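[1] Below is the sequence, then the predicted model.
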Amino acid sequence: MTKKITLSLMVVSWLGLSFIGFNPPASAAIASAAPSNTSYGGSPDILVPAVQGPSVGSRLSSRAKTSWPWYITRASGLIAALALFTLILSGVGMITGYTFRLLEPLTAWATHRAVGIVFAVSVLIHGIALLFDHFVPFSVIQVLVPFASKYREVTIAGHNFGSLWVALGIFASYALLALVLTSLLWMDKKPHRWKSFHYLAYLIAVLVFFHALNLGTDLMHGIFRTLWIIMGLVIAIAIIFRLRRARSI
Ligand code: HEM
Ligand code: HEM
C-alpha cells in the first residue's frame with residue numbers, strides 16, 4: 001500500500017516538476033544565460049538577456065541544457081514545499097481527527113508516510129542539483145555546512161548574518177533527516193522517543209517558510225508569493241488547533 005502510494009506520488013509530483021520547473025517566471029529571466037564571470041555572493045537580482053534561438057522549442061532545449069540544475073533546484077524545492085504543507089496538515093489532522101474524516105486510518109497513515117518519503121527525496125534532489133549549477137555555484141561543503149556559502153548574505157540593523165536564509169534550509173534538512181530516520185526505525189519500537197522527534201516537523205515548517213520566502217525565485221513575486229504566505233497562515237492556524245488539542249492528549 002505505502003509503496004503504491006509513494007510511487008504514484010513520485011510520478012505525479014515529478015510530472016508537476018517538469019511543468020513548473022521549465023516555466024520560468026516573467027520577472028526572472030534570471031540566471032538562465034548569465035555570463036560565467038558573474039559573481040553571485042550577496043547579489044539578490046540577476047538580470048540577463050533571454051537565450052536567443054530560431055524557435056521556442058530550440059530556445060527551451062538550449063535553456064534546459066545550460067540551466068537544468070537551476071530548474072531542478074526550483075521545482076524540487078516547490079514540490080518539497082507542497083509535500084511539507086500536506087504533511088503538517090495531515091499530521092495535525094491525525095491528532096485532531098480531521099484526517100480520518102477524509103481517509104480511513106490505515107490509508108491516512110500510509111499516505112502520510114509516503115508523502116514524508118517524497119518530501120525527503122525532493123529535498124535531497126534540491127540540494128544535489130545545486131552542486132551542478134554553473135551560475136550559482138555551491139560546493140558540497142556549502143550545501144552541508146550552515147553559513148559556509150556566501151549566497152545572498154543577510155544584513156539586519158547593520159549586523160551581517162551571513163547566508164542566513166540558506167543556513168535555515170540546511171538546518172531544516174538535518175532536522176528532516178532525524179525525523180524521517182526516527183520514524184522509519186523507532187515508531188513501533190520506541191514510540192515515546194519517536195514522538196519527541198516528530199515535533200521537529202513544526203520547526204522544519206518555520207525554517208523552510210523563511211528559507212523559501214527569502215531565496216526562492218518563484219516565491220519572490222506575484223501569485224506564488226501570495227500563495228506561499230497563505231500556506232504559512234494555514235499552517236499557523238493548524239498549529240493553533242494542535243495546541244488546543246494538546247490539553248487533551
Ligand atoms: C516518513 C516517515 C513518517 C512517518 C512514518 C510518520 C508517521 C506519523 C504518524 C503515525 C503520526 C500520528 C501520530 C499520533 O497519532 O500520535 C504523525 C504525525 C505527524 N507527522 Fe508524521 N510521519 C512521517 C514523516 C513526517 C514528516 C517528514 C513530517 C513533516 C516534516 C511529518 C509531520 C507530522 C506532524 C506535524 C504530525 C502531528 C504531530 C503532533 O503534533 O503530535 N511527518 N506522523
Ligand atoms: C527541508 C529542506 C528544504 C526545503 C523544503 C527547501 C525548499 C525550498 C523552496 C520551496 C525554495 C523556493 C523555490 C522557488 O521559489 O522556486 C527554495 C529555494 C532555494 N533553496 Fe531550499 N529548501 C531546503 C533546503 C535547502 C538546502 C539544504 C539548500 C542548500 C544549501 C537550499 C538552497 C536553496 C537555494 C539556493 C534556493 C534558491 C533557488 C532559486 O533561485 O529559486 N535549500 N528551497
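    Looks like it came in fine. Ligands and ions are numbered 1, 2, ... in the order given.
[2] what residues are up against the residue in the chain positioned nearest to ligand 2?
    Going by C-beta to the nearest ligand atom, ligand 2 is nearest to residue 216 of the chain, at 2.3 Å. To be clear about C-beta, it is placed using only N, CA and C from the backbone, and glycine gets the same treatment. Applying C-beta atoms under 8 Å, 6 or more residues apart in numbering, we find residue 216 in contact with 74, 77, 78, 224, 228.
[3] Now do the closest residue to residue 125 other than its chain neighbours, the pLDDT please.
    Distance criterion C-beta to C-beta, 6 or more residues apart in numbering; nearest residue to residue 125, sequence neighbours excluded, is residue 76 at 4.3 Å. pLDDT, residue 76: 97.
[4] And residue 76, how close does it get to residue 122?
    5 Å (C-beta to C-beta, to the nearest Å).
[5] need the helix or strand of the protein with the lowest average pLDDT.
    helix 2-21 (a mean of 50; mean pLDDT, DSSP states H and E).
[6] Point out where the chain drops to low pLDDT.
    Applying pLDDT under 70 to the chain flags the ranges 1-54, 247-249.
[7] Repeat the analysis, applying 80 as the threshold.
    1-66, 246-249 (pLDDT under 80).
[8] Show me the longest helix that occurs in it.
    Assignment by DSSP state H gives helix 56-96 as the longest helix of the chain.
[9] neighbours around residue 90, how many?
    20 (other C-beta atoms under 10 Å).
[10] and if you look at residue 194?
    Residue 194: 17 neighbours (other C-beta under 10 Å).
[11] Was I right to think it contacts residue 180?
    No - if you go by C-beta atoms under 8 Å, residue 194 and residue 180 don't touch, sitting 11.2 Å apart.
[12] any residues in contact with both of these two?
    By C-beta under 8 Å, 6+ apart, no residue touches both residue 194 and residue 180.
[13] Next SSE downstream of the strand or helix carrying residue 213?
    Assigning secondary structure by DSSP states H and E places residue 213 in helix 200-215. Once helix 200-215 ends, the next helix or strand along the chain (criterion: DSSP H and E) is helix 222-246.
[14] Which residues belonging to that next one are considered buried?
    Along helix 222-246, these residues count as buried under the neighbour rule (16 or more other C-beta atoms under 10 Å): 224, 228, 231, 232, 235, 238, 242.
[15] Among the residues you listed, find me the one that's closest to residue 127.
    Nearest to residue 127 out of the buried residues of helix 222-246 is residue 228 (C-beta to C-beta; 20.0 Å).
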